[in-house]
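K.L.:
sharing a sequence plus its predicted fold:
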Amino acid sequence: MEAPVIERPQQADQQLGVVDCDVHPAFSTPTELANYLPARWKAHVRDYAARSGNPLLGTLPYPRISPGNGMRRDSWPPNGGPPASDLDFLREQLLEECNIEFGILQPLAAGSMAFNQELGAALCTAINDWQIDKWAEPEPRLRASICIPQEDVKASIAEIESRIGDNRFVQIAMPPRTLEPAGRKRYWPIYEVAQHYDLPIGLHTGAFGYRPNTPAGWSSFYIEEHFAASNSLQTVMASMIMEGAFEAFPKLKIVLVEGGFSWVPSLGWRMDREWKRMRDEVPHVKRLPSEYMRENFWYTTQPIEEPEHNRHLYDILRWIGADRLMFSTDYPHWDFDDPRYAFKVPLEPAEKSAIFRDNAISLFKLS
Amino acid sequence: MSVLEAAKAVASLAGAIDCDVHPPSPRRDDLLPYLDEYWSEISISREVDVLELMSFPERTKPYMRPDWKSTGDPLEAMQKNLLDPLDLRHAILNVVSGAHAIFDPYLSAAICRATNDWLADKWLDRDPRLRASMLVPFQNAEAAVEEIERRADDKRFVQVLTVVGGELPAGRRIYWPIYEAAARHGLPLGIHAGGTYRNAPSHSGFHSFLIEDHIAHTQGFATQMASLIAEGVFVKFPELKVVAIESGVTWVPPLMWRMTKDWRGSRIEVPWIKEQPADIIRKHLRVTTQPMDIPDEPDEMEKALAHLLSDEMLLFSTDYPHWHFEGLEALPAGFPEALLEKVLRTNALSTYPRLGG
């Protein structure tokens, strides 16, 4: 057995700049988004609320550990408003402090999870307008995600088409906790459009969904919920591979956001093993599942994996490939990763520039 | 592998304890002799016969080893295919049964009880190498405790068994009386792959394909372990061991790392947890070796296993009669030799106190 090793902190390369693939912009007031909604939906939200699978209206079902439902304690802007609601302070605390060259916005508002699908579509349109208006227009380092109401495929495609001329949108955002597993054919028209426009699809873990967060029902505690969230990303991966989505759309690019990555090698070994035995059941899956993983999937790094022996992270990095990982901070959430300290082992210069910058620059075509 | 190497591989397994062996699950005609008049009548008139789990059917052809197919007495086949050639010291029988998924809490209790009687009569009594897990109805904790008490004196039952995809997370207090009785009698909690479909097996509902259910079992094992830890089961029952059976093995380190990291930041939520979850997992969780999700290259395999930071967690298993390996090579080629003695025998003996006496 290896002895524990103490490694020095990792320094992100301050010359190069960093791409942060997971920034969460917030509303300054609870009604800020309503101003972007048509009158009908503005009244609807006021009178009936935006209903979703969250059992609690107005807070999270698993209360977080820090104030503001899981915010960094130092992230409240001095001029007021909630964390990440003030562009000037976000510039100062995130972009300048952490040398962020580009930040990808990942709005977590409930459009894609709204039970009322017409409302969901309207909310997604509003969130997309808001991302440009409040963030990407005044700050060119920030890039937007096309939020879509994925359960209504037609509306989703209309939303993508309407944004496609605006290259400040660099990916499509949909939640991993879809109503049906993400590989099901009902979602394929979205994938077809994504491949056509060469837009990656980012799937960010969510705090609630339509179905229990474990195969044995709902967990009791946040510590369980926070772990279980990564399972929704495993389902996205297994479902899309086993349904043959990458045979149909071989150039499709999927980014799994905020689910960790230490589970990726194990899941790959497992899928390969099962596929070798049971491939008759899925004859449309032509290649080893791990081959699709190597070509069609990327992973953001936060919350960074912390093996008990730091150097075991090297095994994980090697099994996944440094070309698949993209740095993220999750600003302004409590488990924020600072690019200067996140990796507890030193990386090779080539790995470092790939993970902190180059993979994202090339995937999202940032310039 | 040459004949000589193959012979050497088998020789090194001699005297092993196989912690996951499957008799064919009993049908109604098998169970009738062990059901009382009322439950016999019920099972006949209400067609309670085939009790396979939809999530984990016994009949899944790709997992049936052609050379292990048996038409005659299944015990004779098991002796011929497994117990004799591997020269096993013990084999633990696990019946994966629809008893876990029956909705009626009394019917499930009756089927569990009859299945255990059938195991004792048709299997344990006929080969002294055999041991068994007792089925207990998690749908009915009171009846589960009664069943444990009723059978506690029969030391050939070495563990209580459930499936990973249950009705509620395993740590919930409703199940604590089962754990109390199990711990008191030196019975680990065996959690086998398979689900009851009380809940969808994924965050996004039911899968199109059985292969996806198989893949998702690790989500179940990890979240069940997280539940047992978070709810404080191991604080309340410090002697209790959990055996994840047919779980795949390498899902464990990612769970250890993630839970330990999250616990540092969120332990005010679960103040009864005083140790880091990775240590709790090493102390209380055991995993059977077949199937194993791991790289083929011996060096890489060794690296993946080293992430456990423990040589006490792995328990040898074949998952007989399911097809995970050829011939008698029940451990993957290149499995670290330094682990062999512990994996084959010692770990099982310390996990299952009833095996020793």
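P.N.:
The structure has been received and is ready for your questions.
K.L.:
what does the stretch 1-150 of chain B put close to chain A?
P.N.:
Residues of the stretch 1-150 of chain B lying close to chain A by CB under 8 Å from any CB of the partner chain are B:T60, B:P62, B:Y63. In this view, the C-beta of every residue, glycine as well, is placed from N, C-alpha and C.
K.L.:
quick one: the last one and A:P181, what's the gap?
P.N.:
From B:Y63 over to A:P181 the distance is 23 Å, taken as CB to CB, to the nearest Å.
K.L.:
with neighbour numbers in mind, choose between those two.
P.N.:
A:P181 (27 against 19; other CB atoms under 10 Å in any protein chain shown).
K.L.:
please, which helix or strand holds the more buried one?
P.N.:
Secondary structure assignment for A:P181, by DSSP states H and E: no helix or strand.
K.L.:
check contacts around it.
P.N.:
A:T235, A:V236, A:S239, A:E243, B:S202, B:S204, B:G205, B:F206, B:H207, B:S208, B:E212 (CB atoms under 8 Å, 6 or more residues apart in numbering or on different chains).
K.L.:
pretty sure the fourth one is in contact with A:E180, am I right?
P.N.:
It stands for A:E243. No - with contact defined as CB atoms under 8 Å, A:E243 does not count as touching A:E180 (10.3 Å).
K.L.:
is it true that A:Y299 lies in a strand?
P.N.:
Yes - under DSSP: H, G, I helix; E, B strand; the rest coil, A:Y299 falls within a strand.
K.L.:
sec struct for the nearest residue to it once chain neighbours are set aside, please.
P.N.:
Closest residue in space to A:Y299, ignoring its immediate chain neighbours: A:F261 at 4.3 Å, by CB to CB, 6 or more residues apart in numbering or on different chains. Here A:F261 is coil, with the state taken from three-state DSSP.
K.L.:
count the residues that sit near A:F261.
P.N.:
Quick note: A:F261 (other CB under 10 Å) scores 24 neighbours.
K.L.:
ok, now how distant is it from B:F56?
P.N.:
Distance of A:F261 to B:F56, given as CB to CB: 28 Å.
K.L.:
same deal with B:A222?
P.N.:
From B:A222 to B:F56 the distance is 18 Å (CB to CB).
K.L.:
tell me which of the two has more neighbours.
P.N.:
Ranked by neighbour count (other CB under 10 Å), B:A222 and B:F56 place B:A222 first, with 28 against 23.
K.L.:
which parts of the chain are strands?
P.N.:
Since you didn't name a chain, this refers to chain A. Along chain A, the segments classed as strands by DSSP state E run A:18-23, A:100-105, A:142-147, A:169-174, A:201-204, A:254-257, A:297-300, A:325-326.
K.L.:
wait, I meant chain B there
P.N.:
Along chain B, the stretches classed as strands by DSSP E are B:17-21, B:90-93, B:130-135, B:157-165, B:189-195, B:242-245, B:285-288, B:314-315.
K.L.:
turn these into JSON lines, columns for mean pLDDT and mean neighbour count.
P.N.:
Formatted as JSON lines, the strands of chain B follow (pLDDT from 0 to 100; neighbours: other CB atoms under 10 Å in any protein chain shown):
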{"stretch": "strand B:17-21", "mean pLDDT": "98", "mean neighbour count": "27"}
{"stretch": "strand B:90-93", "mean pLDDT": "98", "mean neighbour count": "25"}
{"stretch": "strand B:130-135", "mean pLDDT": "98", "mean neighbour count": "26"}
{"stretch": "strand B:157-165", "mean pLDDT": "97", "mean neighbour count": "28"}
{"stretch": "strand B:189-195", "mean pLDDT": "97", "mean neighbour count": "26"}
{"stretch": "strand B:242-245", "mean pLDDT": "98", "mean neighbour count": "28"}
{"stretch": "strand B:285-288", "mean pLDDT": "98", "mean neighbour count": "25"}
{"stretch": "strand B:314-315", "mean pLDDT": "98", "mean neighbour count": "25"}
